[in-house]
Structures are given as structure tokens and as C-alpha cells.
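Participant: Fold the following for me, if possible:
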Amino acid sequence: MTGLAVNGLAVIVPAYNEAATIGATLDALAAQTDRDFRLIVVDNASTDGTVEVVRRFAATAPFPVDVVTEATPGAGTAADTGFRYAIGAGATILARTDADCLPAPDWIAVLRAYLNRGVDLVCGRSEPRRDEQPTWAERHVFPAVVRLAATYGRYRAAHRRPEYRTPYVLVHGHNLAVTADLYQRCGGTVREALEDGSEDVTMLNRARRVTDRIVRAEDLVVQASLRRLRAWGARRTLLWYWDRRWRPPTSREVHVR
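Facilitator: Below is the predicted model:
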């Protein structure tokens, strides 16, 4: 690994058994209009060929690629490992997406513009993956319900405490960017198992205690997989995202593949 340049940008992608899906994510990153970044894939103890897929991609990638290992399960744990690895390499801007997602071609350019304007944390918009042929309800109804739930979240007492310096916004762990400075000052992503909490909301609330320079950006777009929604159904998926009020019977079933 070589260090990142001043004002360097790193993209962190946690991955657990994503050999079948991460190739499309890597291709979407390679298709960015702004490819001045380092990619850090955090292998979260995969037992399939995830690492091999990433290493093959890295051989011809248009940007540096590092593979980091995090043995303790949890998307938040893996993301935190990747964020702190990037900071140690000199990154000042940290972006995150997931290994089953497709960032829009201008994703890097848009998030970089926000942070260069003084934003500390930008939370982007999630759309269903078009290559998974979403139904009308998956394209419109479920996202509308998620937005309605986020509006409720804005007014929840737990999200309106006096120590918060800016209002709650809808955040997706697979589509955000944060300055390295804020990440370190707020404590970053919580290191916990996926079923134990929403690490993206926890990080947002940690950040809200430290800065008011947090924005929701509708023009920062990532397409996300529908596999959890299709495996669990709308009701269970919504309850899962609502403070894990529904959880699969076993930890193995948390990871829908």
C-alpha cells in the first residue's frame, strides 16, 4: 500500500460472501467519471471467492485497490476497519457503498463536490437496482414508505435530543461520505453485529452531536439490491430497519444471498 495524496478520497466496501455480486459493484466504480480515489474492500471473513474476484479486478483497475481483512462479523465493524485503514493511509474524504450496490457514474464527483463545499457528512439517495427488474411497487411504494418512516424518525424523541446540532435525515449505510476529521471526532461507525443495530443511524447521530454540516443529497444516487426485501417481504424488512423490531431466527439468515 502507498499513501493517499493530500485531500485523498477512499471508497470503503465491506463484503461478506459477495462473490456473485461484487463484480458489478466494482464495474460501477470503474465507470465513475471521477476515478481519483483508492478502493478499500474489507473482507468480513468470507468463505466464498469474494477476495479472488476483487484481486482479479485489482490487476487492471483504473485506481488502487486494497483488500483488508476483518474477522469479526458485522457490516459496521467491517466498515469501521476500512475507514480507519483509509485514514491511516492519508485519506481525508471517506465514502462508503456496499458490495451488492451500483453507484451512479457521477457518484464520486457529486460526493466530492459536497465535501469540498464544506459539508462534513453527506447522505445520499437509494434506488432499487434496475438490473433486478423491480416491480412498480418495489420502485415506488416501498421507497415511499421508507421516506415516510424517515419523516417519523425526524420527530422521534430519541432523534430530537438537545445535544443534536442539526435535524435527523434519512441515511443509508451504502451511500454516504464523511470527512476523516468528523469520522474521528464523532467516533465513527459502531462495531456491532448486523442484527444488533443500524450502524448508519448510530453514526449519523454521533455526527449530529459534533457538527451541523450534515446534508441529505437527492442527487447522490446508489442503486441497492432488492434481495432482502424479496426474501423477507415488505413488513419484516421495514421492521428490520426500524430498530431491528424484527430479526431472522438465526444470525446466518441475516445475510440474504
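Participant: What helices and strands are in contact with the biggest strand by length in the chain?
Facilitator: Looking across the chain with DSSP state E, the single longest strand is strand 214-224. Helices and strands touching strand 214-224, by 3 or more Cβ pairs under 8 Å, 6 or more residues apart in numbering; DSSP states H and E, are strand 102-103, helix 107-116, strand 121-128, helix 199-208. Just so you know, the C-beta spots here come from the backbone N, C-alpha and C atoms, and that holds for glycine as well.
Participant: try 10 Å this time
Facilitator: Judged by 3 or more Cβ pairs under 10 Å, 6 or more residues apart in numbering; DSSP states H and E, strand 214-224 is in contact with helix 22-30, strand 102-103, helix 107-116, strand 121-128, strand 176-179, helix 199-208.
Participant: and it, which strands flank it?
Facilitator: strand 102-103 (antiparallel), strand 121-128 (parallel) (DSSP bridges).
Participant: would TSV of those with distance to residue 167 be doable?
Facilitator: As requested, the strands paired with strand 214-224 are exported to TSV (distance: least, Cβ to Cβ, whole Å):
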stretch	distance to residue 167
strand 102-103	26
strand 121-128	12
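Participant: Just name the most buried of those strands.
Facilitator: strand 102-103 (a mean of 24; mean count of other Cβ atoms under 10 Å).
Participant: Which parts of this structure are strands?
Facilitator: 8-15, 38-43, 65-69, 91-96, 102-103, 121-128, 176-179, 214-224.
Participant: right, so of the helices and strands packed on strand 214-224, which gets closest to residue 254?
Facilitator: helix 199-208 (13.1 Å; Cβ to Cβ).
Participant: now the closest one: mean pLDDT?
Facilitator: What helix 199-208 shows for mean pLDDT is 96.
Participant: Over to stretch 160-167?
Facilitator: 95.
Participant: And it, how far out from the chain middle?
Facilitator: The chain centre lies 23 Å from the centre of stretch 160-167; the measure is Cα atoms, centre = their mean, to the nearest Å.
Participant: Need the contact partners of that stretch.
Facilitator: 120-121, 153-155, 159, 168, 204-205, 207-216 (Cβ atoms under 10 Å, 6 or more residues apart in numbering).
Participant: and the end-to-end length of that stretch?
Facilitator: In stretch 160-167, first residue to last residue: 7 Å (Cα to Cα, to the nearest Å).
Participant: Run through this protein and note the low-pLDDT ranges.
Facilitator: Within the chain, the stretches with pLDDT under 70 are 1-7, 257.
Participant: list the contacts for the closest residue to residue 26 other than its chain neighbours?
Facilitator: Spatial nearest neighbour of residue 26, excluding adjacent residues (Cβ to Cβ, 6 or more residues apart in numbering): residue 57 at 4.6 Å. Residue 57 is in contact with 22, 23, 25, 26, 27, 29, 30, 39, 41, 65, counting by Cβ under 10 Å, 6+ apart.
Participant: Do me a favour and get the end-to-end distance for stretch 170-179?
Facilitator: 18 Å.
Participant: Start at 22, not 1
Facilitator: Okay, residue one is now 22; in that scheme the one you just asked about reads as stretch 191-200.
Participant: residue contacts, residue 262?
Facilitator: Contacts for residue 262 (Cβ under 10 Å, 6+ apart) come out as 167, 170, 171, 193, 219, 221, 222, 249.
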